[in-house]
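In: only the shape, not the letters, is given here:
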């Protein structure tokens, strides 16, 4: 599996080399899902929005919902166990500031599902929204009907405790200086 730094390096190289929405997304097993994520990033690039980075935890959450919808032949954001998108995403260990989900039933191609979503205000809002990461899945029901799920997320920032404490002391000392109080020394 590719590390986040390796993945971000590939994405940065792709953008710098003029590939636009054509980004490398790591070890996603299904080329159709690579196409789906790249289609999302082309829509974002056309509006000068940053690309979404692939996230394996979001992909697994999307896979769980796509399979659940296909198994139960039911298009829904609610899982058959009553779960919400945020609950399924949390179950994968993804800690987030915000998440969103797009689902679809029936489209046979990436182009078709993207056209449907881009013509739906709520789905379009997710595609162009304030998210930084993406995971996608498609599953087929016994009757051959595809069920698509895309999960979007913005992860919680990971704080370095040493840096966080130094930043806190710096901020406190700035406020203390405004009131002519001596600085804290750590």
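Out: All right, it came through fine. Computed from a prediction, not measured in an experiment: that's the story for all the values here. Numbering: from 1, shown residues only.
In: got a list of what residue 114 touches?
Out: Residue 114 is in contact with 36, 39-40, 43, counting by Cβ atoms under 8 Å, 6 or more residues apart in numbering. Yep, even glycine has a C-beta here, placed from its N, CA and C like the rest.
In: quick check: the farthest pair among those?
Out: Longest distance between any two of the contacts of residue 114 is 11.2 Å, between 36 and 43; criterion Cβ to Cβ.
In: looking at these two, which one has more neighbours?
Out: More neighbours surround residue 36 than the other of residue 36 and residue 43, with 23 against 17 (other Cβ atoms under 10 Å).
In: go ahead and confirm that one touches residue 151.
Out: No. Taking contacts as Cβ atoms under 8 Å, residue 36 lies outside contact range of residue 151: 12.0 Å.
In: joint contacts of the two?
Out: Residues touching both residue 36 and residue 151 (Cβ under 8 Å, 6+ apart) are residue 136.
In: between the contacts of residue 114, which sits nearest residue 103?
Out: Distances from residue 103 to the contacts of residue 114, taken as Cβ to Cβ, are shortest for residue 36 (12.8 Å).
In: does the nearest residue to residue 108 once chain neighbours are set aside have beta-bridge partners, and which?
Out: Distance criterion Cβ to Cβ, 6 or more residues apart in numbering; nearest residue to residue 108, sequence neighbours excluded, is residue 146 at 6.4 Å. Residues in a beta bridge with residue 146, per DSSP bridges, are residue 140.
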